[in-house]
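*Asks:* Show me how the following folds:
(2 chains)
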Number of protein chains: 2
Amino acid sequence: MGHGKAKRGIPSKAENFNEWYPFIVEAAELVDKRYPIKGMDVWRPYGWKTMKLIDGLTHAEMERTNHEEVNFPLLIPEHLLEKENALVARLKRAREEGVDPDDLRDEEEEGGFKKEVYWVKHAGENDLDVPMFLRPTSETAMYTMFPLWIRSHKDLPLKIYQTVNTFRYETKQTRSFIRVREIHFFEAHTAHVDEADATRQIEEDLDIVDRIMHDLCLPIIKAKRPVWDTFPGAWYTIGIDAVMPNGRTLQVASCHHYRDQWAKAFDVTYEDLDAKQAYCHQTTYGMSERLLGAVVGMHGDENGLILPPKIAPFQVVICPMIRKNLEVDTVAVAHEVAEQLRSRGLRVKVDDRDLHPGQKYYDWEIKGVPLRLDIGPRDIAQGTAFAARRTGGKEPLPMDDIVDECYRVLDEISDELRARSTAHMGDVVQPLPPLVQHDGAWRLDGNVEDGHIYELAFDGTDAHAEAIERATGFSFLGDDTNGFESPRPCHMTGEPTTRRVLLAKSY
Amino acid sequence: MGHGKAKRGIPSKAENFNEWYPFIVEAAELVDKRYPIKGMDVWRPYGWKTMKLIDGLTHAEMERTNHEEVNFPLLIPEHLLEKENALVARLKRAREEGVDPDDLRDEEEEGGFKKEVYWVKHAGENDLDVPMFLRPTSETAMYTMFPLWIRSHKDLPLKIYQTVNTFRYETKQTRSFIRVREIHFFEAHTAHVDEADATRQIEEDLDIVDRIMHDLCLPIIKAKRPVWDTFPGAWYTIGIDAVMPNGRTLQVASCHHYRDQWAKAFDVTYEDLDAKQAYCHQTTYGMSERLLGAVVGMHGDENGLILPPKIAPFQVVICPMIRKNLEVDTVAVAHEVAEQLRSRGLRVKVDDRDLHPGQKYYDWEIKGVPLRLDIGPRDIAQGTAFAARRTGGKEPLPMDDIVDECYRVLDEISDELRARSTAHMGDVVQPLPPLVQHDGAWRLDGNVEDGHIYELAFDGTDAHAEAIERATGFSFLGDDTNGFESPRPCHMTGEPTTRRVLLAKSY
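*Replies:* Numbers count the residues shown, from 1 in each chain, chains lettered A, B, ... in the order given. All right, here's what the predicted structure looks like:
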């Protein structure tokens, strides 16, 4: 429509996504970035409500799958981190040396999270005896308690989760929701009798991911990260990546299978059926406010946000015509319709401000409300409300069936968002051009471009992987958990494989 | 019943409340205190669910009264605290010198929260240029943003709230929910056009308090704190106190009227109807996990917790008889009843573990589930379920009206809890014996005892108040917001007054 667009100066999403994104998160009143600490935004009511609706999807999934909600302290004593660092260092060494980590001893080593955490070493006017840090994630805090809670196989599986604030001392440029220093974070932690049961947990997690992403209308890539990009304490890591409009991947969630590595470091054991002590196998599943970042980035358009109906604070905004001497009370009708919709569970706003309609449309478009109903005297006379979809398209809806009609239209809007982002994914993912060996070095026979993800059949060595990364400037995202349906020749060796590997540039 | 009581060793609440309380919060699995930082407990699933149900009452009230939810960063830069400290120091001086605070200038002064906060001065391996602290409360963080959000009278009232973790460096002995170092905290902050509108906000807050306390079945005292116990930045403070079994008061909430004092310190102004700049008048309203502490302390008994139905994670637990070769499937009937109750909004647990009934009763009694339904073959034959109230009393309930019957019984349990705690309050509050002057000093003509709160008509001077505190060893809780219905002679001066002052020992 363009009303006020130039005046308000929304940057073009199509032409300049990197300006559009930071502009829109503030213009839509999701966050305020003017808080005096960089990378720590204030969540404004509209943004917080949207995030809580996303959290609501997660919590419903946790309830469905019998996870229990806990809440751990934010602060963690330094010595627990040392336990983690020693574990991580040992696993890293084992990987490098190609030996069983159990054959190596823990070593004191600086590193891991230690360089990324905020430290609390003072309280009041005192120096603390035990320095503490703000959790970047809660493995160490939780696994300190697990041995107190797990005695026998009857206590397993233990499945808990929490939604909390976590902290990373980011030194890179910060971006709302995507790279922040205080992170709104979800983490599930589980303990199991054996590796197989932990593996089943990872499968459940990936199913939960699919269900949440369906509601967020986001297609995603689930990729088993290459060894060199696996979370150091993990046996394997599956990253869940959304694809942003610029083709960059954004890791919005991850699952880690820990086997019994952490259990050995934190002494998490149970008495098995034969009355013997055994180590638990553990997993974690994490997601963050990046989910909202992906929603903002993927679905928005030149006029602002487009929120998927499942997480829109207002799914329907009703704008009655405001004019003096109208023969019917449009405002009263708008409120009646709103009450009907609310009584059937829809989130509805009536905008009866005395403003030019163009101004109202602009406000609700920028906030991404999926469906707008305009109600004027003519609509009332015709027994309709005039619907404008945020995804485009207008139609009159019959008043006597308005609730079902709104549900139908909202479902279609969700479908449209899914279709759009699936199409985007299809455009972005391209086959990798062949690599050819030349004077002993691998060279790309063709071009790769920013804005794309490249797929290839791959069953080569780490050296092959390194050659590909060097030749393309792209990084291994990992093995698509789905793989190819039938074997294809490996990009490097020509041997048949179903491994579908993805190369990407990531946030 | 006594089954296992001696064995499990629940301390007697009646005889030793100070041992009962810390025992029961862990035995009922509300929290785990074994986390390696003192005063920072782990919220276990049952405790966290109870707390979130309390939060749910608060959030419903906030929605009803048009507050909007936000979420502010945890960390606050040091220089904002200095602004607050200067304000507080000036107000304190004005009070001491009996002058208008506007006539005094801000002074640098150490103090206020500075001695009670956790400091973040390091991140990764760096010293931070700007030290930050973990919020003890969010005035400074929020009022830094208010000037950016408030332009004209149209933006007022601004009413926001958040539920977050806050931190106090407690040096006193910690107690779960009552005195902790990481506090689960609710805070509402409002800005208004003038003092009168801010006063109306305080009235709304006190009404919200009443509604929440009704659901928690807690009688409370609302007392305007004496000047010397007013939050330093406030014009006046109203403390909301529950009365614990030992007669000590526990401040579970507070409201502060700030007038325009903070607005002047943080430059929170608006353009009024005459296009002139004016300072906002502000209020805050805070509550914390102490609400749960009061619920635990007041309602529990010798067998464990008793949770008010509105906040019980399970309102009804159904125990089918478990025995081999039963002629009817008691477990199936239990699940059918559970589904009926759930479909009408009740929170229900079926305990079909193969354990001795006494063990199950013990478990659910200690967790305070308000209503238990036992279902055996004879009950089924009679078309009833056998109800045991956690507050005492047993009766068969007709199966064909089971949902309404459960609602009725749960309402009666709530009424019973209210009656008990109101009776307790009546027992605790006693008239203060007279004070007589002797050799120029005031002496008590009678005795005061721990375990009581003393009421008096009072309209004396600060010197009188000090004399009373010295003579009794009790502290001024403040002026009951209700006051006496008709004037009574002041305890010290004999002049008639409706001011009802309470003396207490507090947590």
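
*Asks:* Which elements pack onto the host helix or strand of residue A:131?
*Replies:* Remark: residue A:131 resides in strand A:126-134, with elements defined by DSSP states H and E. Using 3 or more Cβ pairs under 8 Å, 6 or more residues apart in numbering or on different chains; DSSP states H and E as the contact test, the elements touching strand A:126-134 are strand A:75-77, helix A:78-97, strand A:118-123. From N, CA and C alone the C-beta is placed, and that goes for glycine too.

*Asks:* Output those in a markdown table; the columns should cover mean neighbour count.
*Replies:* Shown next, in a markdown table, are the helices and strands packed on strand A:126-134 (neighbours: other Cβ atoms under 10 Å in any protein chain shown):
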| stretch | mean neighbour count |
| --- | --- |
| strand A:75-77 | 23 |
| helix A:78-97 | 17 |
| strand A:118-123 | 22 |
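
*Asks:* These: which one's closest to chain B?
*Replies:* strand A:118-123 (3.9 Å; Cβ to the nearest Cβ).

*Asks:* could you check the angle strand B:118-123 makes with the closest one?
*Replies:* If you take axes from the mean of the first three to the mean of the last three Cα atoms, to 10 degrees, strand A:118-123 sits at 130 degrees to strand B:118-123.

*Asks:* thinking residue A:452 is in contact with residue A:426, fair?
*Replies:* No - contact criterion Cβ atoms under 8 Å: residue A:452 and residue A:426 do not qualify, at 11.6 Å.

*Asks:* Count the neighbours of residue A:492 for me.
*Replies:* Using other Cβ atoms under 10 Å in any protein chain shown, residue A:492 has 21 neighbouring residues.

*Asks:* Surely it touches residue A:471?
*Replies:* No - the criterion here is Cβ under 8 Å, and residue A:492 misses it with residue A:471 at 10.8 Å.

*Asks:* circling back: same drill for residue A:452 and residue A:426, tell me which one is more crowded.
*Replies:* The neighbour comparison of residue A:452 against residue A:426 (other Cβ under 10 Å) goes to residue A:452, with 18 against 10.

*Asks:* How confident was the prediction at residue A:4?
*Replies:* pLDDT, residue A:4: 39.

*Asks:* for chain A, where's the lowest mean pLDDT among helices and strands?
*Replies:* Ranked by mean pLDDT, DSSP states H and E, the helix or strand of chain A with the weakest confidence is helix A:5-8, at a mean of 49.

*Asks:* ok, and does the following helix or strand past that one reach over to chain B?
*Replies:* Counting by DSSP H and E, the next helix or strand C-terminal to helix A:5-8 is helix A:17-27. No - Helix A:17-27 lies out of reach of chain B by Cβ under 8 Å from any Cβ of the partner chain, never closer than 11.0 Å.

*Asks:* Output the contacting helices and strands for the helix or strand following helix A:17-27.
*Replies:* Sequence-wise, the next helix or strand beyond helix A:17-27 is strand A:31-32, with elements assigned using DSSP H and E. Judged by 3+ Cβ pairs under 8 Å, 6+ apart, the packing partners of strand A:31-32 are strand A:42-43, helix B:139-149.

*Asks:* Off-centre distance for the longest one?
*Replies:* When you say that, I think you mean helix B:139-149. Chain-centre distance of helix B:139-149: 26 Å, with Cα atoms, centre = their mean, to the nearest Å.

*Asks:* can you pull the buried residues of it?
*Replies:* Buried residues in helix B:139-149, counting neighbours by 16 or more other Cβ atoms under 10 Å in any protein chain shown, are found at B:139-146, B:149.

*Asks:* what residues are up against residue A:477?
*Replies:* Going by Cβ atoms under 8 Å, 6 or more residues apart in numbering or on different chains, residue A:477 touches A:221, A:223, A:225, A:239, A:241, A:249, A:453, A:501-504, A:506.

*Asks:* Could you dump the helices and strands packed on strand A:31-32 into CSV with mean pLDDT and distance to residue B:435 added?
*Replies:* Formatted as CSV, those follow (pLDDT from 0 to 100; distance: least, Cβ to Cβ, whole Å):
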stretch, mean pLDDT, distance to residue B:435
strand A:42-43, 98, 52
helix B:139-149, 97, 39
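
*Asks:* now the longest helix that chain A contains: mean pLDDT?
*Replies:* Longest helix in chain A, counting residues (DSSP state H): helix A:402-428. Per-residue pLDDT over helix A:402-428 has a mean of 97.

*Asks:* What strands line up against whichever helix or strand comes after that helix, and which way round?
*Replies:* Sequence-wise, the next helix or strand downstream of helix A:402-428 (DSSP H and E) is strand A:429-431. Sheet pairing of strand A:429-431 (DSSP bridges) gives strand A:453-457 (parallel).

*Asks:* Direction-wise, compare the partner strand with helix A:402-428 and give the angle.
*Replies:* Going by the same axes, to 10 degrees, strand A:453-457 is angled at 70 degrees with respect to helix A:402-428.

*Asks:* For strand A:453-457, what is the distance to the chain centroid?
*Replies:* For strand A:453-457, the distance to the chain centre is 22 Å (Cα atoms, centre = their mean).

*Asks:* buried stuff in the next helix or strand after it?
*Replies:* Later in the chain than strand A:453-457, the nearest helix or strand by DSSP H and E is helix A:462-472. Within helix A:462-472, the residues scored as buried using 16+ other Cβ under 10 Å are A:464-465, A:467-468, A:471-472.

*Asks:* Where does the residue lying closest to residue A:150 once chain neighbours are set aside fall, secondary structure wise?
*Replies:* Leaving aside its sequence neighbours, residue A:150 sits nearest to residue A:270 (Cβ to Cβ, 6 or more residues apart in numbering or on different chains; 5.2 Å). Element membership of residue A:270, judged by DSSP H and E, is strand A:269-271.

*Asks:* Low-confidence bits of chain A, can you list those?
*Replies:* Within chain A, the segments meeting pLDDT under 70 span A:1-8, A:104-112.

*Asks:* what ranges do the helices span in it?
*Replies:* Ranges of helices in chain A, per DSSP H, are A:5-8, A:17-27, A:45-64, A:78-97, A:139-149, A:195-216, A:261-266, A:290-299, A:330-343, A:357-366, A:377-382, A:402-428, A:462-472.

*Asks:* Does stretch A:160-179 reach chain B?
*Replies:* Yes - residues of stretch A:160-179 contacting chain B under Cβ under 8 Å from any Cβ: A:160, A:164-165, A:167, A:169, A:171.

*Asks:* hang on, the earlier thing: now tabulate the helices and strands packed on strand A:31-32 in CSV and tack on distance to residue B:196.
*Replies:* Output for these, formatted as CSV (distance: least, Cβ to Cβ, whole Å):
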stretch, distance to residue B:196
strand A:42-43, 29
helix B:139-149, 20
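
*Asks:* quick one: which of those is nearest residue A:331?
*Replies:* Closest approach to residue A:331 among those (Cβ to Cβ): helix B:139-149, 27.4 Å.

*Asks:* distance of residue A:255 from residue B:363?
*Replies:* Note on residue A:255: its distance to residue B:363, by Cβ to Cβ, to the nearest Å, is 34 Å.

*Asks:* who's more crowded, these two?
*Replies:* Taking other Cβ under 10 Å, residue A:255 and residue B:363 do not tie; residue A:255 has more neighbours (27 against 18).

*Asks:* Relative to residue A:351, which of the helices and strands packed on strand A:31-32 is closest?
*Replies:* helix B:139-149 (20.0 Å).

*Asks:* what's in contact with the closest one?
*Replies:* In contact with helix B:139-149 (Cβ under 8 Å, 6+ apart) are residues A:32, A:34-36, A:42, B:72-73, B:76, B:80-81, B:83-84, B:135, B:155, B:158, B:160, B:189, B:191, B:233, B:262-263, B:265-269, B:280, B:282, B:284.

*Asks:* Filter those residues down to the buried ones.
*Replies:* A:32, A:35-36, A:42, B:72-73, B:76, B:80-81, B:83-84, B:135, B:158, B:160, B:189, B:191, B:233, B:262-263, B:265-266, B:268-269, B:280, B:282, B:284.

*Asks:* Outline the domain layout of chain A.
*Replies:* A:42-65+A:136-298, A:314-411, A:429-504 (automatic domain parsing).

*Asks:* Quick check: which of those domains is buried the most?
*Replies:* Of all those, domain A:42-65+A:136-298 carries the top mean neighbour count, a mean of 20, counting by mean count of other Cβ atoms under 10 Å in any protein chain shown.
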